[in-house]
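[1] for reference, the sequence and a predicted model appear below.
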Amino acid sequence: MSKNNFLTIREVKQPISFLFAWHIAREHYVMARVSFMQGMVYPSCLLAEQSVELFIKAILHLDNKSKGIHYLPDLLKRGKAKIGYFDLLLTDERLKVFIESLSLAYGKMRFGEAGFDINTKELCFALDEVAYSLDRLYQATAQPHIVQRVRAVQKDGVTTQSYEKQKCLLYVPTALKEAFLRDNKFFNEDAVSDNFMATVPMP
């Protein structure tokens with residue numbers, strides 16, 4: 001056995017894999033946006049597609065509808081008629097083109113097989129909008145599946161337990177914060193944190 005263990009992959013189905021899909025989707029979104037701000041188009045488009053794909057799969061997984069599909073329109077159709085925002089992504093002209101463009105980018109741009117023209121500002125705005133909406137949708141849908149963090153509350157000498165909804169801040173390292181927030185109309189400074197606990201995949 002090699003002593004050079006750079007990365008060990010364990011193919012084990014986790015019962016809470018939807019949490020990790022959501023968490024990784026958020027990380028991909030942060031890195032996609034920062035890459036766009038730095039003019040790195042290829043990785044930006046690929047990370048953007050992966051972010052949207054994982055957000056969708058995390059939501060579908062909550063209803064046991066997630067499958068090994070990578071083409072975004074087909075993936076969205078698995079929640080069609082049941083998840084209103086999925087219908088919007090498939091029918092709204094601007095968002096539909098955005099979704100189809102990301103799918104084409106994932107299939108054609110990975111190895112430089114295709115040329116492209118890109119309106120970075122508009123694409124980034126659409127990514128912010130879709131990531132924000134899918135993130136909120138996931139959190140709203142996941143709540144019944146998650147045991148809320150308990151907090152002890154003392155009043156008049158009596159201790160009770162409070163199950164309060166936690167605010168799920170987006171983990172953005174300090175070095176990436178300025179680029180991530182630049183021209184971001186959906187996530188502001190109050191929505192992000194560089195605290196380690198923001199990396200914990202728990203809505």
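    Done, it's in.
[2] the residue sitting nearest the centre point of the chain: which element?
    Computing the C-alpha centroid of the chain and ranking residues by C-alpha atoms, centre = their mean puts A25 first, at 3.0 Å. In the assignment (DSSP states H and E), A25 maps to helix 17-37.
[3] next: Y106.
    With DSSP H and E as the test, Y106 turns up in helix 93-108.
[4] how far out from the middle of the chain is that helix?
    Helix 93-108 sits 16 Å away from the centroid of its parent chain (C-alpha atoms, centre = their mean, to the nearest Å).
[5] same for that helix, what does it pack against?
    helix 41-61, helix 72-77, helix 84-91, helix 120-142 (3 or more C-beta pairs under 8 Å, 6 or more residues apart in numbering; DSSP states H and E). From N, CA and C alone the C-beta is placed, and that goes for glycine too.
[6] residue contacts, the closest residue to A131 other than its chain neighbours?
    Nearest non-adjacent residue to A131, counting by C-beta to C-beta, 6 or more residues apart in numbering: Y29, 4.4 Å away. Counting by C-beta atoms under 8 Å, 6 or more residues apart in numbering, Y29 makes contact with L47, A48, S51, F55, L127, A131, D135.
[7] would you turn these into CSV with distance to S101?
    Below are the contacts of Y29 laid out as CSV (distance: C-beta to C-beta, whole Å):
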residue, distance to S101
L47, 14
A48, 10
S51, 14
F55, 16
L127, 11
A131, 15
D135, 20
